[in-house]
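Student: can't give you the sequence, but here's the structure:
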Ligand code: ZN
């Protein structure tokens with residue numbers, strides 16, 4: 001029987017790299033949450049194979065599009081919320097609690113890093129968050145539950161309790177610019193790390209796919225854990241085509 005830590009096994013190499021790293025940035029994509037049962041939105045069976053996206057300008061312009069967006073949000077049809085963190089999320093949370101991880105940059109909108117115990121201020125969300133809503137006018141945060149009954153029972157479209165502005169789930173929609181502050185923070189963290197760990201991202205979408213290249217050019221080690229090959233595998237120091245939860249459960253501290 002081969003131990004998972006047999007000499008030079010990829011998991012052992014990753015464990016050693018994590019031990020010597022001083023500052024790790026974790027970068028997560030859809031593959032991180034498929035192990036929690038959230039389908040990759042780009043895959044067959046994913047949300048965009050079942051319904052067409054509502055573009056940002058349509059949401060702003062057309063009350064019927066807003067109504068449809070809120071119907072989707074409250075029906076859970078996109079499958080983005082209501083799942084639980086998996087072994088991979090919890091391992092990232094332990095690495096963070098152990099002081100290894102300075103930031104978790106994520107393409108996911110499911111709030112599962114926060115749910116697993118990573119402090120919210122260490123999570124940088126490139127595509128926003130589907131678990132709450134914000135006012136498009138003044139930015140005030142609103143909870144989805146505050147709108148659920150009035151929308152489902154009386155068809156009332158959510159509006160800001162302060163300024164009356166349009167309220168939308170806090171995700172970045174198609175046609176909406178990438179959020180400036182998270183993008184800037186993500187770049188700063190990327191430039192400050194000495195190990196950049198990609199978990200479950202196909203690294204196919206820019207600008208998100210630029211971060212591993214920035215890290216690598218800046219002298220950091222690059223590790224990619226993804227079930228499928230990615231375009232950046234050739235420049236990585238270590239690549240594991242494997243399950244994230246199983247890999248991280250082996251290499252992360254058992255407790256922080
Ligand atoms: Zn407002």
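Tutor: In hand now; what should we look at? This is a predicted model, so every value here is computed, not measured.
Student: From here on, just use CA atoms for contacts and neighbour counts.
Tutor: Noted.
Student: I'd assumed residue 178 was in a strand, is it?
Tutor: No: read with DSSP: H, G, I helix; E, B strand; the rest coil, residue 178 is coil and lies in no strand.
Student: Which parts of the stretch 151-256 of the chain are helices?
Tutor: With helices called from DSSP state H, counting those that start in this stretch, the stretch 151-256 of the chain shows them at 180-192, 210-217, 244-251.
Student: distance between the ends of stretch 52-72?
Tutor: The first residue of stretch 52-72 is 11 Å away from its last residue (C-alpha to C-alpha, to the nearest Å).
Student: Show me which residues of the stretch 51-200 of the chain are close to the ion?
Tutor: Within the stretch 51-200 of the chain, the positions adjacent to the ion are 135, 138, 160, 163, 165 by C-alpha under 5 Å from the ion.
Student: and the residues you listed as JSON lines, adding neighbour count and distance to residue 26?
Tutor: What follows is those, written out as JSON lines (neighbours: other C-alpha atoms under 10 Å; distance: C-alpha to C-alpha, whole Å):
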{"residue": "135", "neighbour count": "22", "distance to residue 26": "29"}
{"residue": "138", "neighbour count": "14", "distance to residue 26": "31"}
{"residue": "160", "neighbour count": "20", "distance to residue 26": "34"}
{"residue": "163", "neighbour count": "12", "distance to residue 26": "37"}
{"residue": "165", "neighbour count": "17", "distance to residue 26": "35"}
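Student: Tell me, please, where in the stretch 151-256 of the chain the pLDDT is lower than the cut-off.
Tutor: For the stretch 151-256 of the chain, the stretches flagged by pLDDT under 70 are 256.
Student: rewinding a little: mind checking which of the residues of the stretch 51-200 of the chain next to the ion are in strands?
Tutor: In this view, those that belong to strands under DSSP state E are residue 135.
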